[in-house]
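# Fold the following and give me the result.
(3 chains)
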Amino acid sequence: VGRRYDTISVLSDFGHVDGFAGQVTAVIRDLAPHVTVLDLSHDVPPFDVRAGSLTLARCVPYLPEGVVLAAVDPDVGTGRPPVAIEVADGAGVLVGPDNGLLAPAVAMAGGAQRAVALTDPDYHLARVGRTATGRDVLAPVAAHLCNGVDLAELGELVEPGLLLPGVVPLPRYEGDTLVCEVLWVDHYGNCQLNIGPAELADQWQLALGDVVRVELLDLTGGRRIRAAVLADTFAGLGPGEIGLIEDGYGMLALCCDRASAAAELQVASGDQVVLSLPAEHESHARPPVSTPVQLRPTR
Amino acid sequence: VGRRYDTISVLSDFGHVDGFAGQVTAVIRDLAPHVTVLDLSHDVPPFDVRAGSLTLARCVPYLPEGVVLAAVDPDVGTGRPPVAIEVADGAGVLVGPDNGLLAPAVAMAGGAQRAVALTDPDYHLARVGRTATGRDVLAPVAAHLCNGVDLAELGELVEPGLLLPGVVPLPRYEGDTLVCEVLWVDHYGNCQLNIGPAELADQWQLALGDVVRVELLDLTGGRRIRAAVLADTFAGLGPGEIGLIEDGYGMLALCCDRASAAAELQVASGDQVVLSLPAEHESHARPPVSTPVQLRPTR
Amino acid sequence: VGRRYDTISVLSDFGHVDGFAGQVTAVIRDLAPHVTVLDLSHDVPPFDVRAGSLTLARCVPYLPEGVVLAAVDPDVGTGRPPVAIEVADGAGVLVGPDNGLLAPAVAMAGGAQRAVALTDPDYHLARVGRTATGRDVLAPVAAHLCNGVDLAELGELVEPGLLLPGVVPLPRYEGDTLVCEVLWVDHYGNCQLNIGPAELADQWQLALGDVVRVELLDLTGGRRIRAAVLADTFAGLGPGEIGLIEDGYGMLALCCDRASAAAELQVASGDQVVLSLPAEHESHARPPVSTPVQLRPTR
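Below you'll find the model as predicted:
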């Protein structure tokens, strides 16, 4: 008998209406009554593997020891079976589809140690249809892991390096600009970028209170320019002012105080955001809030 | 002292905003601290007893032993008191209004053995108003059942056959067609019909890969015709193609791959769907996807 | 070592998409594995401290012993640190921002006994950014309280009377009218007013079945007049009829039977509602339903 666990943290795109999440919890409770189910989110947008993978990776540093069950578009088109991946010397096992959903979380947990394709039906429910993979495969597998079944018993060991990787966009410098991407718009409308505060400090020697020029691209090819001030709290921002604030995950986010920066800036997850230093004569003062900075070449 | 339980599975139309579901859980935890509350769904559409009853019935096969608390429109207009119904030789007790909400779940669990009207106020909270039946009656009754109070102590035993039945529409053959109904549109837009795959196999000798003609009625009396292919996974469908797939409950559902069949077909729960064999010269090839089949008489 | 607790009840404006609520639960489970987390609501409208404070106060009478964690706009602009407040001789501790969110709940629990500003970082997570106060401060503090850490160890004791109070609007009489406010529109569209049934019974000797004149103010200054009947159940109302019903919190609410009174009356939380007795010749009969009462002076 292997290591036992007593927590299963669950992330999915099941929503809250249909009872899918409840059925997964019910299957776990039936097979492993000692386990506490910890719901991370069931509102990943349907089929949005990228959004799900980032949400899961953000949760990883806070999870207790145990199993993670992640189900976003688990019926992978290519016929790759779902997988279980061991991390952190066995302190955690992630169970989910082999579609990239788990990859950023595995990386955040220090990388995969063992991985297995979930091919042994003895550890699944008798399937009804072929579509309820979360309930019929992932849930019982997670429960059996908690009961001490070793990863290797669940199917054929696979080389972790052959699992589908996740794709996280990297920022890049183009001339005097830093081209970023909105990774995530949260419930409040804060827009997390794919850079941390060290990026701006190292490259441009910027500190709290300094101003950055933010260029947003319209779908029609037009450009909008705004100023954003480096801040550490929402409360430091004036009404309508845009801040660049280190968020709760160590990344910079475009924010407003008690308002949605996504609505103010009309940006969404996946949008490109180009940062640059303001023109010399603009850089010494915080610009008037709520007024777009006029378009002109930088230096 | 009767049998004790340690799980209460809860389904309601409370939503997630108001804290109703939390209050029910709080009452249970106060009276029966050893119990784990398992939330199935709190997003049944308000007052929609039919949708709630079907959601609950879909969950039944996966529930652990214990009590089910279901609250959709529990303040039954006719003044019938809520009920508790014992099933499966006491492995489960369902608590809820006598408005048909529990009936399909009871049938799925093998039928009622004992039933009681919840008329003894000693097992209720002191009521505040008359509207919070879920919190003031159903929750404490469920908790007392978990603590070993026997069903018969909760009020007057009633004849299970006199409880309000649920209504599930049956499919019917009309000439060469099979007239079905959409039982449920799930979070992804899959449209569950009230037939299983055996129906098409037995009646028309259809197998995976065969094509069925799907006729949808507009509210204005117009008809739309589409083709659907019998498939076993979403991934087997092309872009825009409609599949008829056995879902996770053993029923056939109209589906698309990573898209909403309900949006593609503009159908909703309760809509009628008429299936038939395609005309002879249509039946040998899968039709082009995304193109409505032309309207003409079959055979 | 102080008193230990085994329940943390959580209310927030985190929503269900981002995984914030899951991270709070994860932090608690990591630090205090014996604790059960009871989710009251995570759907308080973003930044809406008033709505959150009322939702929490409604839950208080039903909560088991333990800790309450409330997070709505916790990064208080003025720099006041979050607080922990002991109530009910230590049966409960409320943890949250010092922005008025906790005040009605504390009052409902009988008032504050001790209070502390959460200034000792030894009981917080190592902070990432300054924005995730719920996860990085409130969650670990709640967990440490459950583990027996005494309130006084968490920071500096503060005078409870100096904490920011909540604001609950009081009804007032103006001439022959009672000017009320909609405190809350629930999931079903019932509109809770800031008066209880005793108000109408004491002032106007009204009883079940009597009719009250309801005047609603448009934003444009126009007035709409409707009649509402005092009732005790939704089922006693005819189609389209408005009732004034004692709700599950002992307050009067404007209600319809299986329909939204908020939609029928076009009112929202915070709107003013003016009640008066109907003119003499109107008072003896329930008015026809669904027909606005004609506008004319009362008595």
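
# Can you name the element that comes right after the helix or strand harbouring residue A:54?
Secondary-structure element containing residue A:54, defined by DSSP states H and E: helix A:49-59. Once the chain leaves helix A:49-59, the next helix or strand it forms, by DSSP H and E, is strand A:66-71.

# can you list contacts of the helix holding residue A:54?
A:9, A:11-13, A:40-41, A:44-45, A:68, A:70, A:72-73, A:99-105, A:107-108, A:166-168, A:183-184, A:249, A:269, C:18-19, C:22-23, C:26 (CB atoms under 8 Å, 6 or more residues apart in numbering or on different chains). Where you see a C-beta, it was placed from the backbone N, CA and C, and this is true even at glycine.

# just stretch A:82-96 next, same as before
By CB under 8 Å, 6+ apart, stretch A:82-96 touches A:3, A:5, A:63, A:65-72, A:74, A:76, A:97-98, A:102, A:105-106, A:109-118, A:133, A:137-138, A:141-142, A:145, A:151, A:154, A:158, A:160, A:163.

# How many residues are close by the residue in the stretch 151-299 of chain A positioned nearest to chain C?
For the stretch 151-299 of chain A and chain C, the shortest gap (CB to the nearest CB) falls at residue A:248, measuring 3.0 Å. Using other CB atoms under 10 Å in any protein chain shown, residue A:248 has 24 other residues around it.

# quick one, what contacts the nearest residue to it once chain neighbours are set aside?
With CB to CB, 6 or more residues apart in numbering or on different chains as the criterion, residue A:248 has its nearest non-adjacent residue at 3.0 Å, and that residue is residue C:132. Contact analysis of residue C:132 by CB under 8 Å, 6+ apart lists A:247-248, C:20.

# quick one: buried residues of stretch A:72-87?
By 16 or more other CB atoms under 10 Å in any protein chain shown, the buried positions in stretch A:72-87 come out as A:72-76, A:81-87.

# Correction: the previous question concerned stretch A:263-283.
For stretch A:263-283, a neighbour-count test (16+ other CB under 10 Å) marks A:264-265, A:267, A:269, A:271, A:273-278, A:282 as buried.

# what does stretch A:89-104 give?
A:92-104.

# which stretches of the stretch 1-150 of chain A have low pLDDT?
Within the stretch 1-150 of chain A, the stretches with pLDDT under 70 are A:1, A:75-78.

# Spell out which parts of it neighbour chain B.
Contact residues, the stretch 1-150 of chain A versus chain B (CB under 8 Å from any CB of the partner chain): A:13-23, A:25-27, A:29-30, A:33, A:46-47, A:73, A:75-79, A:128-132, A:135-136.

# make it 6 Å
Proximity of the stretch 1-150 of chain A to chain B is confined to A:15-19, A:22-23, A:25-27, A:29-30, A:46-47, A:75, A:77, A:128-132 under the rule CB under 6 Å from any CB of the partner chain.

# which of the residues you listed are buried?
A:15-19, A:22-23, A:25-27, A:29-30, A:46-47, A:75, A:128-132.

# Can you tell me what sits against stretch A:133-146?
A:5, A:8, A:23-24, A:27-28, A:31-32, A:35, A:67, A:69, A:71, A:74-75, A:82, A:93, A:95, A:118, A:123-125, A:127, A:154 (CB atoms under 6 Å, 6 or more residues apart in numbering or on different chains).

# chain center to it, what's the gap?
Chain-centre distance of stretch A:133-146: 23 Å, with CA atoms, centre = their mean, to the nearest Å.

# CA-only coordinates of it, as PDB, when you get a sec.
The C-alpha trace of stretch A:133-146 is given here as PDB (Å, rounded to 0.1, in the frame of the first residue of the first chain):
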ATOM      1  CA  THR A 133     -14.600  11.000 -17.900                       C
ATOM      2  CA  GLY A 134     -14.400  13.300 -14.900                       C
ATOM      3  CA  ARG A 135     -17.000  11.300 -13.000                       C
ATOM      4  CA  ASP A 136     -16.200   7.800 -14.300                       C
ATOM      5  CA  VAL A 137     -12.400   7.900 -14.500                       C
ATOM      6  CA  LEU A 138     -10.800  10.800 -12.800                       C
ATOM      7  CA  ALA A 139     -13.000  10.800  -9.600                       C
ATOM      8  CA  PRO A 140     -12.500   7.100  -8.800                       C
ATOM      9  CA  VAL A 141      -8.800   7.200  -9.600                       C
ATOM     10  CA  ALA A 142      -8.400  10.200  -7.300                       C
ATOM     11  CA  ALA A 143     -10.300   8.300  -4.500                       C
ATOM     12  CA  HIS A 144      -8.200   5.200  -5.000                       C
ATOM     13  CA  LEU A 145      -5.000   7.200  -4.800                       C
ATOM     14  CA  CYS A 146      -6.200   8.600  -1.500                       C
END
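
# Phi and psi next, for residue A:154.
phi -80, psi -10 (degrees, to the nearest 10).

# What about it, how many residues nearby?
Neighbourhood size, residue A:154 [other CB under 10 Å]: 25.

# ok, now how distant is it from residue A:244?
To residue A:244, residue A:154 is 45 Å away according to CB to CB, to the nearest Å.

# cool, and residue A:179?
Distance, residue A:179 to residue A:244, by CB to CB: 15 Å.

# One more: residue A:101?
Distance of residue A:101 to residue A:244, computed by CB to CB: 29 Å.

# And the helices in the stretch 151-299 of chain A, which stretches?
Assigned by DSSP state H, counting those that start in this stretch, the stretch 151-299 of chain A shows helices spanning A:197-204, A:261-265.

# now the first one: mean pLDDT?
Yep, that's helix A:197-204 we're talking about. Averaging pLDDT along helix A:197-204 yields 92.

# go on, stretch A:228-242?
Across stretch A:228-242, pLDDT averages out at 92.

# Please verify my assumption that the residue of the stretch 151-299 of chain A closest to chain C contacts residue C:129.
Yes. With contacts defined as CB atoms under 6 Å, residue A:248 counts as touching residue C:129 at a distance of 5.0 Å.

# gap between the two ends of stretch A:152-160?
The straight-line separation of the ends of stretch A:152-160 (CA to CA, to the nearest Å) is 13 Å.

# For it, give me every contacting residue.
So stretch A:152-160 is in contact with A:84, A:112, A:115-120, A:123, A:141, going by CB under 6 Å, 6+ apart.

# One more: stretch A:173-182?
So stretch A:173-182 is in contact with A:169, A:171-172, A:191, A:193-195, A:267, A:269, A:271-276, A:298, going by CB under 6 Å, 6+ apart.

# Which positions in that stretch come out as buried?
The neighbour-count criterion (16+ other CB under 10 Å) identifies A:178-182 as the buried residues of stretch A:173-182.

# and the helix holding residue A:54 with strand A:66-71, angle?
160 degrees (axes from the mean of the first three to the mean of the last three CA atoms, to 10 degrees).

# CA atoms only: put helix A:49-59 into PDB for me.
Only the C-alpha atoms of helix A:49-59 are listed here, as PDB (Å, rounded to 0.1, in the frame of the first residue of the first chain):
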ATOM      1  CA  VAL A  49      -7.800  24.600 -21.300                       C
ATOM      2  CA  ARG A  50      -5.500  27.600 -21.200                       C
ATOM      3  CA  ALA A  51      -7.600  29.500 -18.600                       C
ATOM      4  CA  GLY A  52      -8.000  26.300 -16.600                       C
ATOM      5  CA  SER A  53      -4.300  25.600 -16.600                       C
ATOM      6  CA  LEU A  54      -3.500  29.100 -15.400                       C
ATOM      7  CA  THR A  55      -6.200  29.100 -12.700                       C
ATOM      8  CA  LEU A  56      -4.900  25.700 -11.400                       C
ATOM      9  CA  ALA A  57      -1.200  26.900 -11.400                       C
ATOM     10  CA  ARG A  58      -2.200  30.000  -9.400                       C
ATOM     11  CA  CYS A  59      -3.700  27.700  -6.700                       C
END
